[in-house]
Structure formats: structure tokens, C-alpha cells
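# sequence and predicted model, in that order:
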Amino acid sequence: MRLDRLLANSGCGTRSTVKDAIVKGGVTVNGAVIRDPAFKAEETDDITYFGESIGAGSFLYFVFDKPDEVLTAMEDKRHKCVGDYITDDLKGKHLSPVGRLDYHTTGLLLITNDGELSHKITSPRYLIPKRYLVSYEGSPFDDDIKEELSRGITLTDMDKPVKLAPCTLEIRENNECIITLTEGKTHEVRRIISHYGRTVSTLRRISIGHLELEAVEPGSLRKLTKEEILQLKDMF
């Protein structure tokens, strides 16, 4: 992989920023200063960015159980945010959430400094399934709604109609359901529920691809196992 791309994917900055850093001699590969942004680097190389190790071997992957009323951001001056749960020893590792969960949506967030993986998981091109457990107010869903969602519905609640990709609806008892999406339109699950005249009570993401959220305490941060990381990468 090109050195500038690897650095950008690692969260060191934009392609233009890291290119400038490389040209100025701020990057080493296996102990040698490299000034060519197009230099081919391997994932196993020992790479430093202004003295900080950022080689692919230093990529970090965590699963975070986002609590309610927490912003999906690494810092915020007014509200509690995901960054508040990152321990001091992980500060400066260029970690960031993969995608977003709304302020009142809880559950599974991936946190990593692997920019390439983050991009692929959030891109609708790769059709990565994301499952949400929903409790709602209103009459129970039925098979007709399930069939409509499987074909893809059009939302008309904003300025322009929005055609949604097909999604699946698993109907459960006690006004609960599981909705599986492969795209990430703004407030998509809540808007789907509202489209059918219901109101979301609670919304929780329970899986991304093969990665499922265990029954753990909200706010918990756990490092992914090697097997889980391989499963994520095998989706592409």
C-alpha cells in the first residue's frame, strides 16, 4: 500500500497532510526516513509518524456499548461523548467511532484507528448488515409491512423523497422488532418506525456483520479478539 494512504487510513490526517509530513522527513519506515509519499509500505513494517509508532501492527479495534445520552464524538464541550470513555493509555492513538449512533440510540459501536476498515464498514457499497432492536408504541407490525420493507420503501418526511434500500423486519412480541439495514440514512430506523405511525421507545444496535454485542454494562469498552478482527475483514 502507498505510504501516504496507509498513514491516512491510520488516522494521521488527510492524504495531503500526510504527504506533506512525508516530504518534510517526518516519517520513517523500518528506521529509514522516507520522503516519497508513493513508497510501498507493508502492513508488517515498523512505521513512525513524527516519532510515534503507527504501523499496521498498531491498529486497535474495540467494541463499545454506547449508553443513552452520549454523543458519537471523541470530544464535546457540552455533552458526554464517546471520547469520555477512552482510557488515558489510549489517548493519542487516533481512535474514532465507526459511523454514528444517535444521541438516544444505544448499543454497538466499533472504535478503531484503522481508517480503511472504518470506511468499508460504513460504505453502502459493501452492504454490511447492521441489526437494531427496537421497542415501539403503537399497533404491532404485521407481515404486510414486513413485505413492504423487504422491497424498499420511500420516505417522504423531508424536503425530498428518499428511496431506502430493502431491509428486513423480524417481528417479535410485546411491541418489539429487529430491523436489519445495509445503509445508513439519517435517523433511518426511527424514520421507518414513524413512517408506519409508530413511535420508537428504545433503539439499540445489537450487531454489525458477524460482530454481536454481548450483554455487558453500557459504557464498557472491550478489545476485539483476533478472530473477530479477521471476521470483520473477511466481509470485504
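Here it is on my side, so go on. Residues are numbered from 1 along each chain as shown.
# Provide the strand pairings for the longest strand seen in the chain, with the direction of each partner.
Identified as the longest strand of the chain according to DSSP state E is strand 199-208. In the sheet, strand 199-208 lines up against strand 106-112 (parallel), strand 130-137 (antiparallel), strand 211-212 (antiparallel) (DSSP bridges).
# domain map for the chain?
According to automatic domain parsing, the chain comprises the domains 3-58, 61-124+214-233, 129-208.
# make a markdown table out of these and add mean pLDDT and mean neighbour count.
Where you see a C-beta, it was placed from the backbone N, CA and C, and this is true even at glycine. Converted to a markdown table, the domains of the chain look like this (pLDDT from 0 to 100; neighbours: other CB atoms under 10 Å):
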| stretch | mean pLDDT | mean neighbour count |
| --- | --- | --- |
| domain 3-58 | 85 | 16 |
| domain 61-124+214-233 | 91 | 16 |
| domain 129-208 | 96 | 15 |
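# now the strands paired with strand 199-208 as TSV including distance to residue 89?
Compiled in TSV, those are given as follows (distance: least, CB to CB, whole Å):
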stretch	distance to residue 89
strand 106-112	14
strand 130-137	29
strand 211-212	23
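# can you tell me which residues contact the spatially most central residue of the chain?
Residue closest to the mean C-alpha point of the chain, counted by CA atoms, centre = their mean, is residue 98 at 2.3 Å. Contact analysis of residue 98 by CB atoms under 8 Å, 6 or more residues apart in numbering lists 109-112, 117-118, 121-122, 208.
# quick check: it vs residue 224, distance?
According to CB to CB, to the nearest Å, residue 98 stands 12 Å off from residue 224.
# does the closest residue to residue 68 other than its chain neighbours have beta-bridge partners, and which?
Residue nearest to residue 68 in three dimensions, not counting chain neighbours: residue 106, with 5.4 Å by CB to CB, 6 or more residues apart in numbering. Assessed by DSSP bridges, residue 106 has beta-bridge partners residue 204.
# residue 106 contacts residue 200, doesn't it?
No. Counting by CB atoms under 8 Å, residue 106 stays clear of residue 200, with 11.8 Å between them.
# contacts only, for the residue nearest to residue 68.
65-68, 202-205, 218.
# redo the residues you listed as CSV? Include distance to residue 168.
Shown next, in CSV, are these (distance: CB to CB, whole Å):
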residue, distance to residue 168
65, 23
66, 23
67, 27
68, 25
202, 19
203, 16
204, 17
205, 15
218, 26
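# beta partners of the residue of the chain most remote from its centre?
Relative to the centre of the chain, the most outlying C-alpha is that of residue 32, 34.1 Å out, by CA atoms, centre = their mean. Counting by DSSP bridges, residue 32 forms beta bridges with residue 29.
# check contacts around residue 198.
Neighbours of residue 198 in contact, by CB under 8 Å, 6+ apart: 136-139, 141.
# ok, now how distant is it from residue 101?
20 Å.
# go on, residue 236?
To residue 101, residue 236 is 22 Å away according to CB to CB.
# any idea which element the nearest residue to residue 109 once chain neighbours are set aside lies in?
Nearest non-adjacent residue to residue 109, counting by CB to CB, 6+ apart: residue 64, 4.5 Å away. Taking DSSP states H and E as the criterion, residue 64 maps to strand 61-66.
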